[in-house]
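Novice: got a predicted structure here, sequence first:
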Amino acid sequence: MSTDSVSIAFAGSGGAGVLTAGNVLLEAAASAGWYAYLSRSAGPQIRGGESVTLLRVSRNRVESHDDDFRLLLAIDWRNFERFVAELPLSGDSLLIGDAEAGPLPECLAAYAARYCELPLKRIAKGMSQGRPNMVALGVLAAAIGIPCDKVTEALAHTLRDKGQAAMDAGAACVTAGMECARELPLIKLPAAPAPRAHGERLLITGNEATGLGAVRGGVRFVSAYPITPATEILEWLAPSVDRLGGTLVQAEDELASVNQAIGASFGGTPSLTATSGPGLALMLESIGLAVAAEVPIVVVDVMRGGPSTGIPTKSEQADLGMALYGLHGDAPHLVLAPLSVADCLFTTQWAVHLAEALQTPAIVLSDQSLGQSRAVIERPADLAFIGRRQTLEDIGERYARYAVTTSGVSPMAIPGMPGGQYTAEGLEHSEAGTPSGSAADHAAQLQKRRRKLTDFDYGTHWAEIEGEATTAVITWGSTTGPVREALNRRAVAGWATRMVAMRLLAPARPDAMRQALDGVERVLIVEQCEGGQFHHYLRAHYDLPAEVRTLCKPGPLPIRPQEVYTRIEDWH
Amino acid sequence: MDNGIANPALSARDYKSSVKPVWCPGCGDFSVLSAITKTFAELQLDPAQVAVISGIGCSSRIPAYLNTYGFHGVHGRALPLGVGLKVARPDLTVLVTGGDGDGFSIGGNHFLHACRRNVDITYLVMDNQVYGMTKGQASPTTAPDWALSKLTPEGPGINPFYPLVIALASGANFIARASSSDPNGTARMLVDAIRHPGFSFIQVLSPCVTFQPEQREWKKLVHPAPVEATSDPAKAARRLMTDDNLFVGVLYQGTRKPFQPCLEADLEHAAELDEAFAI
Ligand SMILES: Cc1ncc(C[n+]2csc(CCOP(=O)(O)OP(=O)(O)O)c2C)c(N)n1
Ligand code: SF4
């Protein structure tokens, strides 16, 4: 467990407002200077239903949860057993319940000694417009030492549309909650880092960061079909892309959304759609069209538990196989994955850039644990990648849309350019774009489409590589958070370990991996997929050292830093 | 306009590409192709400002045969390609083409929603009541007792789909039926369809001489619509109740406003959007 941070869990059911209150606490901690990371876990109900908000407040950047929670506060215990596996507690965890909510549930009996009851409901009832979640917010803030003024400021911000009376009532509840927590043992939060100027950091979810990355990359057409947990990307983009002179269209299904994006991009507008596994499955045929017709698009898949409808509100890294190998035919394309909430911005922006520069579809594999988590991040620099879509400038004698060039990229005419008329073709075609079933044309076009991806210089962005050692951990996407934390702990304990966290999964970069694994004698592969899709992918494309171990766990339980730590330690 | 064509007045031939059609001799789609090029000439469209979009099927081969921009997509998804293109590029003339299988079976959902959305594009379906390209299976418009397919040897046995009824019920803004046996008449209707704001739908009876040879008789059976086009959907609906599926003419010209989001920016830099998250 980390000593730089404190992790708390806040549970309740039936519109108890634990998410709202948790977000206020997050905002208060952030404005007081701490780093923080908040995720939520909810049942399947549309409204109400039980839910738990998990908040980690830290001196340093945090991108994932700790091994266990120091404090658990439940407004009520209804259906609590559904969450208990997601809430590891330790021997010195403090448990708080409402005096009127009945006894501590059976599944928490082991922690009875550290349990205390507070009259949250009763206090709320005694106040005008009093709400137990606001009283609880005061308790939590006091327990970990977040200053009262920061909490009321954040609360006023959250309730700004509800009127002064609601803000005053909320603030009164918070004060009462803080008062009633005075008897509690204080959990010591390490001092906040030095204050930072406004605007140096952002408080943002992964889905919002994905939207920002998209528009920074130049996306001006978005097609949408709602699906958990990707919808917030689309909802954020709807007004945002509008303000930038683009538009978002809600389509009738994912078959339509992906094709609308392809159509808009054929017209010259960088285009994106976002979905989750079931939607990506529907889009695959048309993503193959974008490969063949060489039309850039970005498809974001915010992964959730599968197969089928699976566990739609919770995270898993199990769409990798589909994203890499799900296209029919021999269809090279790009697959990328953000490594943290902050990296959702960078990776999506990079994906737009790569898709445009290489005239091909890019699939971005985010997941629920990144997309729906909110974190304090450093404000990303306003990067501008060099190289855009190469459009037709000089028509020359006769324009050949699919000319076989050295790089494999052929200048693209955009409708409206006189003399550039061609047919974007899903049939195999000649260089001119006319349908062709000839072996020579097929080979030439296949090779050019592959070459433009494999010969491109991706620089150092393909992976985050840290540490110099003979033992390495290879991971991808959201599991980078716990892996990095485990390796930092090992470093503190005096053990060096190398981390290779892959951001670019396709095309595979065997040479880059060879360099990254230079001197490495054994490798641990970490992924949140029971079937080991990432492990098999690595085996298929890269030379790994003889000694390989895996930590392949299904969702929805996150991989904890300690599990990674122990798995490496076992080796000694 | 520099399109490599010396004469500023473009003739139908100027819109043809050099690619030779793969169609069977006598296929109705040849006349549709010629109606399209006549239409473009009549409207004197700049070939570089036109995009013809299609799915998969014999009829969907049309874009390659034209000297405009084109997109030959996947089976059934031509309409969303066209919708995305037109919404992002309202300056272009977008014509979506295809067959009855492509548009009413695998792409049926997109047809309903394209009618509803009413983007300013024209959708021309070459209806031959059969899947030509896959060698003669029943399509949504095939008669229930058509027993010439190995796949449904007793006939499909299910009710045919009535494209004009569906188009009207779903909100298409211009609805017409044409016959490939009259390319000039088809061209006149297509001119009106392209000029009409919003989503225009034309069903063109276009025989598949190979798998539905009796459709050669269509040219004798089709007859002009008994009355003028109406802008009253109720009247159009009443007329469709006595439709023999063989009248040609414009049925309906509606007045619904096309769907076209404004594409003007009020922000210059995407990075300005960071501000909402700044702490
Ligand atoms: C996803 C998919 N399923 C099936 C096919 C096979 N297929 C190609 S064309 C076609 C039917 C074409 O019929 P229609 O649209 O009526 O056009 P026609 O050939 O009659 O002009 C089918 C089923 C395909 N290309 N893609
Ligand atoms: S099979 Fe039928 S539709 Fe296809 S080209 Fe031949 S005649 Fe035309």
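Specialist: It's in. Ligands and ions are numbered 1, 2, ... in the order given.

Novice: what residues sit buried inside stretch B:190-205?
Specialist: Neighbour counts using 16 or more other Cβ atoms under 10 Å in any protein chain shown place B:190-194, B:196, B:198-205 of stretch B:190-205 among the buried residues. All C-beta spots, glycine's among them, are computed from the backbone N, C-alpha and C.

Novice: between these, which is nearest A:Thr269?
Specialist: Taking Cβ to Cβ as the measure, A:Thr269 sits nearest to B:Phe199 out of the buried residues of stretch B:190-205, at 20.8 Å.

Novice: residues near the nearest residue to that closest one once chain neighbours are set aside, how many?
Specialist: Spatial nearest neighbour of B:Phe199, chain neighbours left out: B:Asn118 (4.7 Å); criterion: Cβ to Cβ, 6 or more residues apart in numbering or on different chains. Under the neighbour criterion other Cβ atoms under 10 Å in any protein chain shown, B:Asn118 is assigned a count of 22.

Novice: is stretch B:203-210 up against ligand 2 anywhere?
Specialist: Yes: contact of stretch B:203-210 with ligand 2 (Cβ under 6 Å from any ligand atom) involves B:Cys208, B:Val209, B:Thr210.

Novice: mind checking the end-to-end distance for that stretch?
Specialist: This stretch, stretch B:203-210, spans 20 Å end to end (Cα to Cα, to the nearest Å).

Novice: residue boundaries of the helices in the stretch 51-200 of chain B?
Specialist: Counting by DSSP state H, counting those that start in this stretch, one finds helices in the stretch 51-200 of chain B at the ranges B:78-88, B:100, B:108-117, B:163-170, B:183-195.

Novice: what's the second one in contact with?
Specialist: Taking Cβ atoms under 8 Å, 6 or more residues apart in numbering or on different chains as the criterion, the residues outside helix B:100 that touch it are B:Val125, B:Met126, B:Asp127, B:Asn128, B:Gln129, B:Val130, B:Ser139, B:Pro140, B:Thr141, B:Phe161, B:Pro163.

Novice: do the same with the fourth one
Specialist: Contacts to helix B:163-170, defined as Cβ under 8 Å, 6+ apart, come from residues B:100, B:103-104, B:111-113, B:115-116, B:125, B:127, B:141, B:175, B:177, B:201, B:203, B:233, B:236-237, B:240, B:243, B:251-252.

Novice: now that helix and helix B:108-117, what's the angle there?
Specialist: Inter-element angle recorded for helix B:163-170 and helix B:108-117: 50 degrees (by axes from the mean of the first three to the mean of the last three Cα atoms, to 10 degrees).

Novice: sorry, back to before: show me which of the contacts of helix B:100 are buried.
Specialist: For the contacts of helix B:100, buried by 16+ other Cβ under 10 Å: B:Val125, B:Met126, B:Asp127, B:Asn128, B:Gln129, B:Val130, B:Ser139, B:Pro140, B:Thr141, B:Phe161, B:Pro163.

Novice: how does chain A divide up, domain by domain?
Specialist: A:5-183, A:203-378, A:390-456, A:460-571 (automatic domain parsing).

Novice: from the chain's centroid, how far away is the second one?
Specialist: Spelled out, that is domain A:203-378. With Cα atoms, centre = their mean, to the nearest Å as the basis, domain A:203-378 stands 12 Å off its chain's centre.

Novice: what is the mean pLDDT for that domain?
Specialist: Looking at domain A:203-378 alone, the average pLDDT works out to 98.

Novice: what does the longest one give?
Specialist: For domain A:5-183, mean pLDDT rounds to 92.

Novice: kindly report the same for the shortest one.
Specialist: Averaging the model's pLDDT scores along domain A:390-456 yields 95.

Novice: any part of that domain near ligand 1?
Specialist: No: if you take Cβ under 6 Å from any ligand atom as the test, domain A:390-456 misses ligand 1, and the best it gets is 9.4 Å.

Novice: count the neighbours of A:Leu370 for me.
Specialist: By other Cβ under 10 Å, 34 other residues sit near A:Leu370.

Novice: from chain B, how far out is it?
Specialist: Using Cβ to the nearest Cβ, to the nearest Å, A:Leu370 is found at 16 Å from chain B.

Novice: can I get stretch A:381-393 in PDB, CA atoms only?
Specialist: Taking Å, rounded to 0.1, in the frame of the first residue of the first chain, the C-alpha atoms of stretch A:381-393 are listed here in PDB:
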ATOM      1  CA  ALA A 381       1.100  20.600 -24.100                       C
ATOM      2  CA  ASP A 382      -0.700  21.800 -27.300                       C
ATOM      3  CA  LEU A 383       1.200  19.400 -29.600                       C
ATOM      4  CA  ALA A 384       1.100  19.600 -33.400                       C
ATOM      5  CA  PHE A 385       2.200  16.500 -35.100                       C
ATOM      6  CA  ILE A 386       4.000  17.100 -38.400                       C
ATOM      7  CA  GLY A 387       2.400  15.600 -41.400                       C
ATOM      8  CA  ARG A 388      -1.200  15.700 -42.400                       C
ATOM      9  CA  ARG A 389      -3.200  13.900 -45.000                       C
ATOM     10  CA  GLN A 390      -1.400  14.000 -48.200                       C
ATOM     11  CA  THR A 391      -3.800  15.500 -50.700                       C
ATOM     12  CA  LEU A 392      -3.500  15.800 -54.400                       C
ATOM     13  CA  GLU A 393      -1.700  18.900 -55.500                       C
END
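
Novice: any weak-confidence spans in chain B?
Specialist: Low-confidence segments of chain B (pLDDT under 70): B:1-8.

Novice: what does it put close to ligand 2?
Specialist: Proximity of chain B to ligand 2, by Cβ under 6 Å from any ligand atom, involves residues B:Trp23, B:Cys24, B:Cys27, B:Asp29, B:Cys58, B:Asn128, B:Gly132, B:Cys208, B:Val209, B:Thr210, B:Phe211.

Novice: quick one: which of these is most hemmed in?
Specialist: Compared across the residues of chain B next to ligand 2, B:Asn128 has the highest neighbour count, 31 neighbours, by other Cβ under 10 Å.

Novice: wait, that one sits on B:Arg216?
Specialist: No: the pair B:Asn128 / B:Arg216 is not scored as a contact, 11.4 Å apart, by Cβ atoms under 8 Å.

Novice: now do the shared contacts for these two.
Specialist: Joint contacts of B:Asn128 and B:Arg216 (Cβ under 8 Å, 6+ apart) are B:Pro207.

Novice: re earlier: between the buried residues of stretch B:190-205, which sits nearest A:Gly263?
Specialist: Nearest to A:Gly263 among the buried residues of stretch B:190-205, counting by Cβ to Cβ, is B:Phe199 at 14.9 Å.

Novice: okay, and which of the buried ones among the contacts of helix B:100 map to strands?
Specialist: B:Val125, B:Met126, B:Asp127 (DSSP state E).

Novice: beta partners of the second one?
Specialist: Looking back up the chat, that one is B:Met126. In this entry, B:Met126 is beta-bridged to B:Gly99, B:Val204, by DSSP bridges.

Novice: list the contacts for it?
Specialist: B:Met126 is in contact with B:Gly28, B:Asp29, B:Val32, B:Ser59, B:Thr97, B:Gly98, B:Gly99, B:Asp100, B:Ser180, B:Val204, B:Ser206, counting by Cβ under 8 Å, 6+ apart.

Novice: buried residues in stretch A:196-212?
Specialist: For stretch A:196-212, the neighbour count (16+ other Cβ under 10 Å) marks A:Arg201, A:Leu202, A:Leu203, A:Ile204, A:Thr205, A:Gly206, A:Asn207, A:Glu208, A:Ala209, A:Thr210, A:Gly211, A:Leu212 as buried.
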